[in-house]
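*Asks:* Give me the fold of what follows.
(4 chains)
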Protein chains: 2
Amino acid sequence: MTQDTPRPRRARRLPTTEELRIWRDFIETAEVLRSALTARLQSESSLSSGDYAVLLALSEAEGHRMRSSELAAHIDWERSRLSHHLGRMERRDLIRREECAADSRGAEIVLTATGLRSFRQSTVPHLTAVRELFVDALSRDQIVAAGDLAATLRAHLEESGRRRGTPSQTG
Amino acid sequence: MTQDTPRPRRARRLPTTEELRIWRDFIETAEVLRSALTARLQSESSLSSGDYAVLLALSEAEGHRMRSSELAAHIDWERSRLSHHLGRMERRDLIRREECAADSRGAEIVLTATGLRSFRQSTVPHLTAVRELFVDALSRDQIVAAGDLAATLRAHLEESGRRRGTPSQTG
DNA sequence: CACGGCTGATTGACATGTCAATTAGTAGCC
DNA sequence: GGCTACTAATTGACATGTCAATCAGCCGTG
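*Replies:* Residues are numbered from 1 along each chain as shown, chains lettered A, B, ... in the order given. Next comes the predicted model:
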């Protein structure tokens, strides 16, 4: 480990053909998975995966309500994305916005009865879809490997993110 | 390897908490990766990954041109998606549409000089980003595991897609 | 208390995706 | 030729995302 091979001057290597193929397979497969899941959620409950994430968070929150910014942090969305999405969900009566007593700039997002019902109805189909599309496809070892990959990639991203541009943002 | 235990007849189990966590990590990590790559492509070359996929296919095609439907099949996009995207790319002078001699319903998509130049300029940054975000993060074994996962998931998806989506025989 | 800066949330403009409907041309068949 | 069915591609309506700008209310400081 101590033999310090001089790092190739500058120009570090580009991915090999195989690495590139694996990258593409990997990223495209994830997208196909996501869209398959989305399609099933949609057809079985008229909820998108965005809706699902929001409803899940709210259903677990105290009083089925949450400050908008907390919610954004919890599900790791940009605030404007959340704001747009909440607008659409409010139109469908899945959530409601209320003024926040503590800070009148703020908004509290409240799960409606309709929203709760939709969420409950979608839970089992959603989990079933995850099992069928992901869990059932893989061996135990592969599932562990998937978790390992995700963690490694995430750690690397955060690491290099810190080195490159955005030192603060972690959420 | 696969000892086939008889599968429990009905009500198959839902994912465990851990499986669910891994699923979320996996799918979210893929999304974060994709958006990080997109951001880098964008800032370094003003191309989106969609643009890149289209330009790559065209740059490898005979005469830098391709029938629209061939292109869609090649990069595995829905045709309407491609059509919309080509519209945006045409406005930016990256590609051009020409009438097709053989079949006048058809369109031939032609890479413009601007498009080729943009593509060439983005290649190295793009590959570098793939290396930095993906290849550098992982060990050799992990890369192999990623390829394996992708292939397994894809195969499973196609398999179950055949069972669900495509009515083979007995609708 | 007034001011300037920060924070919470929304908005507008636009890119990207999906689905269903439409337009236009090809081809088989009588 | 004329009818019908099929195919190529585009279009429109809308959902979803990002970025930058904006609006409004909080708060520390003089």
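
*Asks:* just for chain A, where's the confidence low?
*Replies:* A:1-11, A:161-171 (pLDDT under 70).

*Asks:* give me that answer again for 90
*Replies:* Along chain A, the model assigns pLDDT under 90 to residues A:1-13, A:39-45, A:100-102, A:104, A:157-171.

*Asks:* Break down it into its strands, ranges please.
*Replies:* With strands called from DSSP state E, chain A shows them at A:65-67, A:95-99, A:107-111.

*Asks:* The first one pairs with which strands?
*Replies:* Right, strand A:65-67. strand A:107-111 (antiparallel) (DSSP bridges).

*Asks:* ok and the strand it pairs with relative to strand A:95-99, angle-wise?
*Replies:* Computed with axes from the mean of the first three to the mean of the last three CA atoms, to 10 degrees, the direction of strand A:107-111 lies at 150 degrees from that of strand A:95-99.

*Asks:* returning to that earlier point: can I get the strands of chain A in TSV with mean neighbour count?
*Replies:* C-beta: built from backbone N, CA, C; applies to glycine. Shown next, in TSV, are the strands of chain A (neighbours: other CB atoms under 10 Å in any protein chain shown):
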stretch	mean neighbour count
strand A:65-67	19
strand A:95-99	16
strand A:107-111	20
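
*Asks:* out of the ones you listed, nearest to residue B:132?
*Replies:* Closest of these to residue B:132 is strand A:65-67, at 36.0 Å (criterion: CB to CB).

*Asks:* Which residues does the closest one contact?
*Replies:* Outside strand A:65-67, the residues that touch it by CB atoms under 8 Å, 6 or more residues apart in numbering or on different chains are A:57, A:58, A:74, A:98, A:100, A:106, A:107, A:108, A:109, A:110, A:111.

*Asks:* and that strand, does that touch DNA strand C?
*Replies:* Yes. Counting by CB under 7 Å from any atom of the strand, contacts between strand A:65-67 and DNA strand C involve residue A:67.

*Asks:* gap between that strand and the chain center?
*Replies:* 19 Å (CA atoms, centre = their mean, to the nearest Å).

*Asks:* Not counting sequence-adjacent ones, nearest residue to residue A:143?
*Replies:* residue B:22 (5.8 Å; CB to CB, 6 or more residues apart in numbering or on different chains).

*Asks:* give me every residue that touches the one you found.
*Replies:* A:143, A:144, A:146, A:147, A:150.

*Asks:* Can you flag the buried ones in those residues?
*Replies:* Buried members of the contacts of residue B:22, counted by 16 or more other CB atoms under 10 Å in any protein chain shown: A:143, A:146, A:147, A:150.

*Asks:* Flag every residue of chain A that's near DNA strand D.
*Replies:* So chain A meets DNA strand D at A:48-51, A:77-78, A:80-81, A:84-85, A:88, A:103-105 (CB under 7 Å from any atom of the strand).

*Asks:* looking at the residues you listed, which has the most residues close by?
*Replies:* Neighbour counts for those, by other CB atoms under 10 Å in any protein chain shown, peak at residue A:51, which reaches 23 neighbours.

*Asks:* Residue A:86 is in contact with that one, correct?
*Replies:* No. Counting by CB atoms under 8 Å, residue A:86 is not a contact partner of residue A:51; they are 10.3 Å apart.

*Asks:* from the residues of chain A next to DNA strand D, which two are the most distant?
*Replies:* The widest separation within the residues of chain A next to DNA strand D (CB to CB) is 32.3 Å, between A:49 and A:104.

*Asks:* can you tell me which of the contacts of residue B:22 are in helices?
*Replies:* A:143, A:144, A:146, A:147, A:150 (DSSP state H).

*Asks:* How about the contacts made by residue A:47?
*Replies:* Contact analysis of residue A:47 by CB under 8 Å, 6+ apart lists A:41, A:55, A:118, A:119, A:122.

*Asks:* residues near the second one, how many?
*Replies:* Other residues within reach of residue A:55, judged by other CB under 10 Å, total 23.

*Asks:* And it, how close does it get to DNA strand C?
*Replies:* Distance, residue A:55 to DNA strand C, using CB to the nearest atom of the strand, to the nearest Å: 16 Å.

*Asks:* For DNA strand D, what is the nearest residue in chain A?
*Replies:* Closest approach between chain A and DNA strand D, counting by CB to the nearest atom of the strand: residue A:48, at 2.9 Å.

*Asks:* No further questions, thank you.
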